[in-house]
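Participant: attaching a predicted model along with its sequence, questions to come.
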Amino acid sequence: MKKILSSLIIILVLSALTISATRAYFSDTETSTGNRIAAGTLDLNLEGGNTNVVKFDSVGIMPDETKSGTWTIHNAGSIDGYLDLHNITKGSDENGCIDSEQAAGDSSCGNPGSGEGELLDLLGVKLFVDTNHNNIYDDDETMIYHGSFNDLDNNYDMNLPLAAGETKYITMNISWPHSTKDDQGQGDTLNFGLTFELGQTAGQ
(Lines give C-alpha, C1' and ligand atoms only; values in the text may rest on other atoms or scores of the structure.)
Protein backbone atom coordinates (compact mmCIF):
# COMPACT_ATOMS: atom_id res chain seq x y z
CA MET A 1 0.00 0.00 0.00
CA LYS A 2 2.81 2.40 0.86
CA LYS A 3 4.41 1.70 -2.50
CA ILE A 4 1.12 2.42 -4.27
CA LEU A 5 0.68 5.71 -2.38
CA SER A 6 4.25 6.71 -3.10
CA SER A 7 3.75 5.98 -6.77
CA LEU A 8 0.55 8.08 -6.86
CA ILE A 9 2.29 10.99 -5.13
CA ILE A 10 5.16 10.85 -7.62
CA ILE A 11 2.71 10.76 -10.54
CA LEU A 12 0.79 13.76 -9.14
CA VAL A 13 4.01 15.74 -8.61
CA LEU A 14 5.24 15.00 -12.12
CA SER A 15 1.84 15.97 -13.58
CA ALA A 16 1.93 19.29 -11.75
CA LEU A 17 5.45 19.99 -12.98
CA THR A 18 4.40 19.20 -16.56
CA ILE A 19 1.42 21.60 -16.40
CA SER A 20 3.59 24.34 -14.88
CA ALA A 21 6.20 23.87 -17.59
CA THR A 22 3.50 24.14 -20.28
CA ARG A 23 2.38 27.53 -18.91
CA ALA A 24 5.84 28.98 -18.40
CA TYR A 25 6.72 30.09 -22.00
CA PHE A 26 8.55 33.44 -22.35
CA SER A 27 6.37 36.49 -23.11
CA ASP A 28 6.82 40.21 -23.70
CA THR A 29 4.44 43.16 -24.16
CA GLU A 30 4.78 46.54 -25.87
CA THR A 31 2.29 49.41 -25.99
CA SER A 32 0.85 51.68 -28.71
CA THR A 33 -0.83 54.56 -26.95
CA GLY A 34 -1.48 58.21 -27.71
CA ASN A 35 -2.52 57.54 -31.32
CA ARG A 36 -4.37 60.39 -33.11
CA ILE A 37 -5.33 61.62 -36.56
CA ALA A 38 -5.56 65.37 -37.21
CA ALA A 39 -7.34 66.81 -40.23
CA GLY A 40 -5.17 68.66 -42.74
CA THR A 41 -6.07 72.12 -44.00
CA LEU A 42 -6.47 73.94 -47.29
CA ASP A 43 -6.11 77.67 -46.62
CA LEU A 44 -6.08 79.97 -49.65
CA ASN A 45 -4.56 83.41 -49.07
CA LEU A 46 -4.66 86.43 -51.39
CA GLU A 47 -1.92 88.94 -50.76
CA GLY A 48 -1.12 87.16 -47.48
CA GLY A 49 -4.59 87.35 -45.95
CA ASN A 50 -8.20 86.23 -46.05
CA THR A 51 -9.94 89.49 -46.92
CA ASN A 52 -11.23 90.89 -50.20
CA VAL A 53 -8.46 92.18 -52.46
CA VAL A 54 -9.03 95.00 -54.99
CA LYS A 55 -6.44 94.98 -57.78
CA PHE A 56 -7.98 97.48 -60.19
CA ASP A 57 -9.26 100.84 -59.01
CA SER A 58 -8.20 103.27 -61.70
CA VAL A 59 -9.78 106.13 -63.61
CA GLY A 60 -8.93 107.31 -67.07
CA ILE A 61 -8.07 104.25 -69.17
CA MET A 62 -7.67 105.27 -72.81
CA PRO A 63 -7.40 103.55 -76.20
CA ASP A 64 -4.00 101.88 -76.75
CA GLU A 65 -3.43 101.68 -72.96
CA THR A 66 -3.05 98.62 -70.72
CA LYS A 67 -3.74 98.26 -67.00
CA SER A 68 -2.21 95.35 -65.07
CA GLY A 69 -2.89 93.65 -61.77
CA THR A 70 -1.30 90.56 -60.20
CA TRP A 71 -2.81 88.42 -57.46
CA THR A 72 -0.35 86.74 -55.09
CA ILE A 73 -1.92 83.38 -54.28
CA HIS A 74 -0.60 81.26 -51.41
CA ASN A 75 -1.58 77.88 -49.98
CA ALA A 76 -1.18 78.50 -46.25
CA GLY A 77 -2.59 75.07 -45.40
CA SER A 78 -0.90 71.78 -44.63
CA ILE A 79 -1.99 69.74 -47.68
CA ASP A 80 -1.53 70.18 -51.43
CA GLY A 81 -4.38 71.50 -53.55
CA TYR A 82 -5.50 72.63 -57.00
CA LEU A 83 -6.38 76.23 -57.85
CA ASP A 84 -9.42 77.10 -59.97
CA LEU A 85 -11.16 80.33 -60.94
CA HIS A 86 -14.91 80.50 -60.42
CA ASN A 87 -17.80 82.95 -60.28
CA ILE A 88 -16.50 85.70 -62.55
CA THR A 89 -18.86 88.66 -62.51
CA LYS A 90 -18.65 91.52 -64.99
CA GLY A 91 -20.60 94.52 -66.15
CA SER A 92 -20.26 97.98 -67.68
CA ASP A 93 -22.20 101.08 -66.67
CA GLU A 94 -23.13 104.04 -68.80
CA ASN A 95 -22.40 107.16 -66.75
CA GLY A 96 -24.17 109.69 -68.87
CA CYS A 97 -23.07 110.76 -72.34
CA ILE A 98 -21.06 113.57 -73.79
CA ASP A 99 -21.64 114.78 -77.33
CA SER A 100 -18.79 112.74 -78.81
CA GLU A 101 -20.38 109.52 -77.49
CA GLN A 102 -23.66 110.40 -79.11
CA ALA A 103 -21.92 111.33 -82.34
CA ALA A 104 -20.20 107.91 -82.33
CA GLY A 105 -23.59 106.19 -82.20
CA ASP A 106 -23.81 105.29 -78.50
CA SER A 107 -27.32 103.86 -78.29
CA SER A 108 -27.47 103.67 -74.46
CA CYS A 109 -26.88 107.34 -73.71
CA GLY A 110 -30.37 107.73 -72.33
CA ASN A 111 -29.87 105.04 -69.68
CA PRO A 112 -27.10 106.13 -67.28
CA GLY A 113 -26.25 103.45 -64.70
CA SER A 114 -28.26 100.87 -66.61
CA GLY A 115 -25.44 98.41 -67.15
CA GLU A 116 -25.39 99.21 -70.84
CA GLY A 117 -21.87 100.65 -71.07
CA GLU A 118 -19.64 99.69 -73.96
CA LEU A 119 -16.38 98.87 -72.17
CA LEU A 120 -17.14 95.14 -72.00
CA ASP A 121 -16.90 95.03 -75.79
CA LEU A 122 -14.09 97.56 -76.17
CA LEU A 123 -11.63 96.14 -73.63
CA GLY A 124 -9.50 93.05 -74.10
CA VAL A 125 -8.10 90.72 -71.42
CA LYS A 126 -5.07 88.53 -70.91
CA LEU A 127 -5.36 86.35 -67.80
CA PHE A 128 -2.38 84.09 -67.17
CA VAL A 129 -0.15 82.31 -64.65
CA ASP A 130 2.68 84.80 -64.22
CA THR A 131 5.52 82.41 -63.42
CA ASN A 132 8.25 85.04 -63.24
CA HIS A 133 5.99 87.69 -61.70
CA ASN A 134 6.76 90.42 -64.24
CA ASN A 135 3.18 91.36 -65.38
CA ILE A 136 4.06 90.29 -68.94
CA TYR A 137 2.87 87.11 -70.64
CA ASP A 138 5.80 84.98 -71.75
CA ASP A 139 5.49 82.10 -74.23
CA ASP A 140 6.32 79.44 -71.63
CA GLU A 141 3.59 80.61 -69.22
CA THR A 142 0.05 79.25 -68.94
CA MET A 143 -2.62 81.40 -70.58
CA ILE A 144 -5.99 81.13 -68.83
CA TYR A 145 -7.94 83.46 -71.13
CA HIS A 146 -7.18 85.88 -73.95
CA GLY A 147 -9.93 87.81 -75.69
CA SER A 148 -12.72 90.32 -75.26
CA PHE A 149 -13.79 91.12 -71.70
CA ASN A 150 -17.36 90.42 -72.75
CA ASP A 151 -16.48 86.81 -73.63
CA LEU A 152 -14.70 86.10 -70.34
CA ASP A 153 -16.49 83.01 -69.01
CA ASN A 154 -17.81 82.43 -65.52
CA ASN A 155 -15.72 79.37 -64.72
CA TYR A 156 -12.17 78.15 -65.38
CA ASP A 157 -11.07 74.77 -64.05
CA MET A 158 -7.39 75.60 -64.25
CA ASN A 159 -6.43 72.66 -62.03
CA LEU A 160 -3.27 74.57 -61.20
CA PRO A 161 -1.28 72.59 -58.59
CA LEU A 162 -0.60 74.63 -55.48
CA ALA A 163 1.37 72.68 -52.89
CA ALA A 164 1.20 73.37 -49.15
CA GLY A 165 3.27 76.48 -48.50
CA GLU A 166 3.56 77.34 -52.21
CA THR A 167 2.91 80.76 -53.78
CA LYS A 168 1.90 81.46 -57.38
CA TYR A 169 0.92 84.59 -59.28
CA ILE A 170 -2.08 85.23 -61.53
CA THR A 171 -1.87 88.37 -63.67
CA MET A 172 -4.60 90.17 -65.61
CA ASN A 173 -3.75 92.67 -68.33
CA ILE A 174 -6.71 94.82 -69.42
CA SER A 175 -6.08 96.63 -72.69
CA TRP A 176 -8.05 98.99 -74.91
CA PRO A 177 -7.15 98.26 -78.52
CA HIS A 178 -7.94 101.18 -80.80
CA SER A 179 -11.16 100.89 -82.85
CA THR A 180 -13.68 103.10 -84.64
CA LYS A 181 -16.04 102.73 -81.66
CA ASP A 182 -13.66 104.13 -79.05
CA ASP A 183 -15.75 107.25 -78.42
CA GLN A 184 -18.72 105.12 -77.34
CA GLY A 185 -16.79 104.09 -74.25
CA GLN A 186 -15.99 107.57 -72.97
CA GLY A 187 -16.95 107.96 -69.31
CA ASP A 188 -18.18 104.35 -68.98
CA THR A 189 -17.20 102.11 -66.05
CA LEU A 190 -16.14 98.45 -66.08
CA ASN A 191 -16.93 96.42 -62.95
CA PHE A 192 -15.80 92.85 -62.38
CA GLY A 193 -15.05 90.31 -59.67
CA LEU A 194 -13.13 87.03 -59.47
CA THR A 195 -13.39 84.14 -57.02
CA PHE A 196 -10.39 81.87 -56.58
CA GLU A 197 -10.97 78.37 -55.20
CA LEU A 198 -8.44 75.92 -53.77
CA GLY A 199 -9.64 72.32 -53.86
CA GLN A 200 -8.16 69.06 -52.65
CA THR A 201 -8.65 67.38 -56.04
CA ALA A 202 -8.52 68.55 -59.64
CA GLY A 203 -11.80 69.61 -61.26
CA GLN A 204 -13.70 70.41 -58.05
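Facilitator: Looks like it came in fine.

Participant: looking at it, Thr171 is touching Asn132, isn't it?
Facilitator: No: applying Cβ atoms under 8 Å as the test, Thr171 and Asn132 come out as separate, 10.3 Å apart. (Each C-beta comes from the backbone N, C-alpha and C, glycine too.)

Participant: of those two, who's got more company?
Facilitator: Thr171 (22 against 10; other Cβ atoms under 10 Å).

Participant: show me what contacts that one?
Facilitator: With contact set as Cβ atoms under 8 Å, 6 or more residues apart in numbering, Thr171 has these partners: 68-71, 126-128, 130, 135, 137.

Participant: same check, this time on Gly117
Facilitator: So Gly117 contacts 91-95, 108, 185, 188-190 (Cβ under 8 Å, 6+ apart).

Participant: quick one: it from Cys109, how far?
Facilitator: 11 Å (Cβ to Cβ, to the nearest Å).

Participant: overlap in contacts of the two?
Facilitator: Counting by Cβ under 8 Å, 6+ apart, the contacts common to Gly117 and Cys109 are Glu94.

Participant: once you drop chain neighbours, what's closest to Lys67?
Facilitator: Excluding the flanking residues, the one nearest Lys67 by Cβ to Cβ, 6 or more residues apart in numbering is Ile174, at 4.8 Å.

Participant: for Ile144, same thing?
Facilitator: That would be Leu127: by Cβ to Cβ, 6+ apart, it lies 4.4 Å from Ile144.

Participant: for Asn191, same thing?
Facilitator: Gly91 (5.0 Å).

Participant: what do you get for Asn150?
Facilitator: Leu120 (4.1 Å).

Participant: likewise for Ile73?
Facilitator: Nearest non-adjacent residue to Ile73, counting by Cβ to Cβ, 6+ apart: Lys168, 5.3 Å away.
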